[in-house]
Each structure stands twice: as C-alpha cells, then as structure tokens.
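Peer 1: Provided below are the primary sequence and the corresponding predicted coordinates.
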Amino acid sequence: MIDLGRLSLNIALVLSFYVAVVYAWAGIKSKEALMKSARNGLHAVTALITIAAVALLYALIKKDFSLEYVASYDSRDLPFFYAATAFWAGQKGSLLLWAWFLSLFSSIVILRQRGEDEHLIPYVASVLMAITAFFLIMLTFAADPFERLPLPARDGQGLNPLLQNPGMIFHPPTLYLGYVGFSIPFAYAVAALITGRLGDSWIKATRRWTLFSWYFLGIGVLLGAQWAYVELGWGGYWNWDPVENASLMPWLTGTAFLHSVMIQEKKDMLKVWNMVLIILTFSLSIFGTFLTRSGIVSSVHAFGQSALGYYFLVFLAIVLAYSLRLLFRRLPDLRSKDELDSVLSRESTFLYNNLLLVGITFATFWGTVFPLISEAVKGVKVTVGPPFFNQVNVPIGVALILVTGICPLIAWRKATAKNLKRNFTTPLVAGLVGAVVLAVAGVHKPVALISFTFCAFVIGTIVTEFYRGTSARREMAGEGSLKALGNLVWRNKRRYGGYIVHVGMVLVYVGITGSSAYKYEKEAILEKGESVQLKNYSITYSKMEFLRKENKEIASAVLRVKNGAKNAELRAEKHFYFKDPDKPTTEVGIKSTFREDFYAILAGYDQGGRKATFKFIINPLVAWMWVGGLVLTGGTIIAMLPDKREKRRLEASLSLGEREASVRQ
Amino acid sequence: MKKKNLKFLIGGIAVAAVVAYLAITGAKEGMVYYFTVSEVHAKAAALGDQGVRVSGKVVKGSINRDALNLDINFVITDGKAQLPVFYHGVVPDIFGDDIEVVVEGKYKPEGSFKATNLLTKCPSKFEGKVDKQT
C-alpha cells in the first residue's frame, strides 16, 4: 500500500509537468487532440494523488508504524477519528492534503467549464498543474509522507492531546480549502493576462470559487480562534502570533478582492488593482502555508528541520516575478475608460474598503516580518507584540465597519445631499440611539463605544435595505410581508446573501469589541468550600474529583457559580495522559451566555485538592463571535446558490457589446 | 492633474499617512528587543528598565514551582549561558524541561530575570505554533 502511494506520487509528479506543458501548448496551437490528452492527464493526476491520499489514510487507520509519519502522529491507543485525521497533523500529510485538494479542484474546474471560458481554460489548467507540480516536488524530494523508518516502531508517539479536539481537527482542512481555493481565481487571472481576455469573463467564471475560498479561510481563522479560546486555556482567542497573522492576511486581501471585482463587473474599473489583489492573495496563501510549516519567524536561525522553507521561498519568488511581469506587459490594455466620479459614491466606498483592508494587511505583515528585517538591518532582533497590532489595526477595523454601513446605501457615481439624507437618516438615528443606550448602560470606553455605535449603524443600514426591498415588493406584487421578504432574497441571492454575511461580520465585531474592552480576571487560591467574588459572580470551590479514563487520569475541580438568581456547576480540570504524565493539559470550564462567558482555569492544587488555585475570567459577548460565524455561513450559502435571474442578467450583459480587450497573443 | 484626481490622491495619501503614523507610534510602544540568553547578559544592563524578550531552553531539573502560589522559578539556557527566571501566573501546559520558551519582562541587575509573560513553543508535534499565557 505504501509503495503504491509512493509510486502514485512519482507518476503524478511527472504527469503534472506533462499536463502543464501540453495544456499551454494546446492553448497556443488550439489543437483539440492536444487538449484531450492534457485533459485526460489532469484527471489522471487527480486520480493518482487520490490513491496516494487513500494509501496514507489506510496506513494511519491500520497504524502501520513502519512509516515515519504514522509513527510520529499515531499511536495504538489513539481513537479512530484522531488516527484518521492525523493525516494533517504534520507537515508531510498537510502538503499531501494541499496537493490533493488542488488536484480535485482542478478536475472540477475542467469538468465544469462552459463555452465562454474555452479560451482561458488551457492556461488555467496549465497554471494549476504547475502549482500541483511544485507541491509534488516537495512531496517527493523534501517531505515524503511515505518515508520508512529503518525499523518499524513498536508504538507511535501519538497525537498531542491539545490537538485531540473536534475544533482543532477541522481547523487545518478548512484553512487549506481556502488557501487552495484561491489558486483558481489566480490561475484564471494569469490566463486572462496571457490571452489578453481582460474583461469580466475570468471574474464571472471564478466568483463562486472566490466566495468559497474566502468563506473557508475565514471560518478556518475563526475555528483557530475558538480552539485557542477553549483548548489553550489562557482566556483569549487571538495573539497576533506570526502563524495566526499568516492565515489572516490572505483572508484580508481576499475580502478586498471579493469586493473590488464587483466594481470591475459593474463599472469596468479597478482592473489593474484586481490583478494585483489576486496575485497578492495567492502569494499570501503560499506564504501562509509556508510560515506555519517551516517555523521561520519563530526561530529565525533555522529554516525548519528540512529545506522546505527554501522550496517555498523560491516558488513564491517565481510566482511573483512571473505574474507581475505578465501584469506589467498588459498594463496598457487594463486601463479602463471610466473614472471614479466622486469621493462620495458607492465606487469610492468600495475603494476605501479596499484601502482599509490592505492597510490592515500591510500593518500586520510589517509587524510579522519586523524581527527578520530588524535583525538584518540593525543586527539586533526586535519583536513587536500585540500592543503594536492592536494600536494600528483597531482604528482601521473600526473605520472599516463604518464603511460597511455606508456602502450599500450610498448612490453610484455621485452621492447628492438629497440622496444622503434620504438613505442615511434612519440608520444614523439607529446608531445614535444605540450610542446613547450604551453610554447609559455603562459603556464608557471611547473605542468600544464607537465600535458598538458603528455596529448598530451597520445593522440599521442593512435592516433599512431589507425593509425597503420588502415594502417595494409588497406594493408591486401585492405579496404578504413574509413572502415578499423571502422572494426579495431569493430573487437577488447575491446581494442579500452579502448583506447577511455583513450581519455575521458585525456580530463577530461585537464579540471582539466586548471581550477586548471589558474583560475581567482574578486569581484565587481557594480551600474546599471557600468562595470568592468576581464582579457579580460568586464562585465556590466545592470539591476535587479524581477520575480515571482509558488513556488518562483527570483531576476535576467542581465549582459552584452563582450569578444573581442563577446557579451553575462548572468543572475546571487537568488531564494527565498516561503516555505523557508530566505534561497535563488544562481543560477550562466555560459557562457561556449571550451576555458573557464565565471562564475558569484550574492552575494548580495540592495533594488531594484540599486547596486549589484558579484563574477566573469574565469575557463579555464572546458567544457572538461564534454566532456571527453561523450567520456568515448562512449568508455565504445564499450568495453562492445558483440564481437563474442572475444568470440571465449575466448572459445579457455578455452578449450586449462585451467590454473585452482585443485578443492579443 | 485634474481636480478630481487630485482630491483622490490627497485622500489616499491622507489615509496612508494616518496608517503610517499609527504603525510608527505603535511600533515604538510595542517594540521589544529579542535576545538570546548570552546576548541579554551582555546587552540588557545597558537598556535599563526597558522590557525585553529572551528565548532559551528550560534547563532540566531547574523548575521549582509552588503548585498553589503560581510562583515559578526556573533557569533557561542557550547552550552557552544560563539565566534564572521568576514568573508569577498560570503556566502553559506545554511548559517543562527542555522546552523552548520566550520570556518577556525585565532583566534584573543581579543577572536574573523577572518575567511578566511566558510563551512556549510547541515541540515538533505541531511545528511553529506558539502557546501563550499572560
């Protein structure tokens, strides 16, 4: 099985080169026979990588400890679910997962191609296969998942207990779906640059891929934050750690890209900017994968255990050099005829949105690579911590929320005073009322107050939009309110799905603002039966229970938490795994309501648990972050559903004197 | 240049200037020197009261902790020099002998370190992920 896996990858490597070359050639020569050969080759690559993936999965499930990878992350006592998902626990499996997703997506792109794409497809496929080839090179020469140990191990090292948690299991694959997904619009962009077909067709063809990737990358980041919050047990969810930043940056530029392509579709503007954004997003995705897997920033002097870092850097350099050169050559053809008319218009708010997002990306990137640069330039390594990131990104983030509210209601081209008054009065009132209510309720920290006010404003604008649309339908079509609302959304899924996504983002903002600005914590050493007070919570340490499970022993501190009339039992625990008794894991106790999370950490205890040390944290509004994630999911699904009316509008605009640049080879 | 374009250009520069200002002041406040154990003995004395970060490996057997007090004393090394560290707070689960850590805090004139922040780097099981406790 292992040999089959290794062999499949070897063949796939050679084949992917063949397909990349032949597809490009077929595109140039327009030869159907070449196309067919390349197409079959592409699907064969997908099949081969699938075989390899299955082989690795099989080895993990069967616990074949002759494989180095299996011995590193699997163990005899590891439950089935974690043995299988150990596939992406380490570097080699993760790279194989990347390659597998990429080949699957490539096949899907080819199978789903429509008539309008046919000029682009050969180059799209060629680029995708070239990227696949890169990963296969690494999988063959630097990170072989099928590497054998000289002697099979008797038992594996097992999966780090911190990773044995459902949230953490889904975090890497969702991120990878996002990273890999962005390869598709990137490949289309490169194909557009090569063929000179610089109009909307590449954007229209990739809209769903972009949305799909944006969604999964965003959810991946959110899942990571949730894992950190629940598992790592320090009461927070984000640290501006290089690895975290690496996943956030492509999401930020991806968000900018998602929005600015709408401007190109509607107004034929920002074409160069869109190219830059997708190149940047894809490059940051590669950079993100590389940063996490090579440990370069955390420990500057070692490029990880293998030469993987160098491979990635070289690949990144090639990607940037090649795509930017292509872009530069096509610059004259990308100029749009239209211009931005006014600083106060929907187009310009899209532009501000982009500037702000890119601003956050730039600041985050700067903070992340600062240690490397300072060391190279000054000889001293200087790091920047959360204070830097928060100081720069929070104001920009708050401005971004404001723009999110303004954009849907402001007029295209140029907003007049009349138009502003008509559209913004209600939401502004909503915002102001919100501000007053909050101030009265005790929210006095300026940044928090502004943030919440803007959030209320955005909700106001979205509600206004839904209300107006529903009323219009009720008048025109005579439908009842509920039916009108349903039809409104259904007939314009893209737009209203987008609004729902905005609502989700606002909820995430609300959660972040609350938990950042109004967090309370307290350490306490309690004897059995003793109580302590934190704000309006009264916490009593009842007892310590010692439980024995099949692979671990648990010290479970039982706490009685009283908040006003409400009473709850909470457990804060330490788990001692038999495999690693010196390294217990802390399992925090969380009592979560929509208003706040009460968070208890068992920090230490004496024999028998007579006395125990706890850290208690009150995190307001955290639950809204996860609710926001759910709302985001709903909105994205709606926005991605096929829409017959949208399709008709699309076809109408494509046939009506398309704004394609002339085809130049 | 057209008046309209000039407006955009000024607007764009204004935004960029604000971001740059935030970044520079943020960096000044958030900037922390990052030393190895040997470097901190040599250089930190000159820095006075400024906070620094030091990376090193926990020396086997050096951990002395009070299970209840959350006070912990340990020694870190970079293979050449050693640095005694004192930290008060909840300690990350990964923390232990031979673990790579980054401590943030103040270097004491007597050659020891008082840490306000303790970050641990997870060993090979999950490359590059940093686990933090404040």
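Peer 2: Perfect, thanks for sending it. Residues are numbered from 1 along each chain as shown, chains lettered A, B, ... in the order given.

Peer 1: The closest residue to A:Glu375 other than its chain neighbours pairs with what?
Peer 2: For A:Glu375, ignoring the flanking residues on the chain, the nearest one in space by CB to CB, 6 or more residues apart in numbering or on different chains is A:Lys381 at 4.4 Å. Where C-beta positions appear, they are placed from N, C-alpha and C, glycine not excepted. With beta bridges defined as DSSP bridges, A:Lys381 has these partners: B:Tyr34.

Peer 1: which residues touch A:Lys381?
Peer 2: Contacts for A:Lys381 were tallied using CB atoms under 8 Å, 6 or more residues apart in numbering or on different chains; they are A:Val300, A:Pro371, A:Ser374, A:Glu375, B:Tyr33, B:Tyr34, B:Phe35.

Peer 1: Make TSV out of these and add pLDDT and neighbour count.
Peer 2: Output for these, formatted as TSV (pLDDT from 0 to 100; neighbours: other CB atoms under 10 Å in any protein chain shown):
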residue	pLDDT	neighbour count
A:Val300	33	15
A:Pro371	81	21
A:Ser374	81	19
A:Glu375	79	15
B:Tyr33	85	19
B:Tyr34	85	22
B:Phe35	86	23
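
Peer 1: Up against chain B, what does the stretch 401-550 of chain A have?
Peer 2: A:Glu523, A:Ile525 (CB under 8 Å from any CB of the partner chain).

Peer 1: hey, where'd the strands end up in the stretch 401-550 of chain A?
Peer 2: With DSSP state E, counting those that start in this stretch as the criterion, the stretch 401-550 of chain A has strands at A:520-527, A:531-534, A:537-548.

Peer 1: what's the most distant pair in the contacts of A:Lys381?
Peer 2: A:Val300 and B:Tyr33 (14.0 Å; CB to CB).

Peer 1: if we can go back for a sec, could the strands of the stretch 401-550 of chain A go into JSON lines alongside mean pLDDT and mean neighbour count?
Peer 2: Listed next are these as JSON lines, based on pLDDT from 0 to 100; neighbours: other CB under 10 Å:
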{"stretch": "strand A:520-527", "mean pLDDT": "90", "mean neighbour count": "16"}
{"stretch": "strand A:531-534", "mean pLDDT": "90", "mean neighbour count": "14"}
{"stretch": "strand A:537-548", "mean pLDDT": "91", "mean neighbour count": "16"}
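
Peer 1: Which one of those strands lies nearest to B:Gly105?
Peer 2: strand A:520-527 (17.7 Å).

Peer 1: which secondary structure elements does the closest one contact?
Peer 2: strand A:531-534, strand A:537-548, strand A:611-620 (3 or more CB pairs under 8 Å, 6 or more residues apart in numbering or on different chains; DSSP states H and E).

Peer 1: So what are the sheet partners of that strand and their directions?
Peer 2: strand A:611-620 (antiparallel).

Peer 1: The residue of chain A found nearest chain B: which element?
Peer 2: Closest contact between chain A and chain B, by CB to the nearest CB, is at A:Phe388 (3.0 Å). In this structure, A:Phe388 sits in helix A:386-406 according to DSSP states H and E.

Peer 1: Wait, a strand at B:Glu29?
Peer 2: No: B:Glu29 sits outside any strand when classified using DSSP: H, G, I helix; E, B strand; the rest coil, being helix.

Peer 1: Now it. Nearest residue, chain neighbours left out?
Peer 2: A:Pro387 (5.5 Å).

Peer 1: ditto for A:Ser213
Peer 2: Nearest one to A:Ser213, counting by CB to CB, 6+ apart, is A:Gly181 at 2.9 Å.

Peer 1: That neighbour is in contact with A:Phe105, isn't it?
Peer 2: Yes: if you go by CB atoms under 8 Å, A:Gly181 and A:Phe105 touch, sitting 6.8 Å apart.

Peer 1: Among these two, which residue is more densely surrounded?
Peer 2: A:Gly181 (26 against 22; other CB atoms under 10 Å in any protein chain shown).

Peer 1: wait, what's in contact with the more buried one?
Peer 2: Applying CB under 8 Å, 6+ apart, the residues contacting A:Gly181 are A:Phe105, A:Trp209, A:Thr210, A:Phe212, A:Ser213, A:Phe216, A:Leu217.

Peer 1: cool, and A:Tyr69?
Peer 2: A:Tyr69 neighbours (CB under 8 Å, 6+ apart): A:Leu56, A:Ala59, A:Gly90, A:Lys92, A:Gly93, A:Pro145, A:Phe146, A:Glu147.

Peer 1: what helix or strand is it on?
Peer 2: Assigned by DSSP H and E, A:Tyr69 falls in helix A:68-73.

Peer 1: One more: B:Val90?
Peer 2: B:Val90 belongs to no helix or strand, assigned by DSSP H and E.

Peer 1: Identify the spatial nearest neighbour of it, chain neighbours not counted.
Peer 2: Nearest to B:Val90 is A:Ala603, by CB to CB, 6+ apart, at 4.6 Å.

Peer 1: distance between the ends of stretch A:533-541?
Peer 2: 12 Å (CA to CA, to the nearest Å).

Peer 1: the strands in chain B, which residues?
Peer 2: Taking DSSP state E, the strands of chain B run over residues B:31-36, B:52-58, B:64-65, B:71-77, B:82-88, B:100-107, B:113-121, B:130-133.

Peer 1: Compare those and give me the one nearest A:Gln533.
Peer 2: Per CB to CB, nearest to A:Gln533 of those: strand B:82-88, 21.7 Å.

Peer 1: which residues sit against that closest one?
Peer 2: Residues contacting strand B:82-88 (CB under 8 Å, 6+ apart): B:37, B:40-41, B:54, B:56, B:59, B:69-77, B:103, B:105, B:111-116, B:118.
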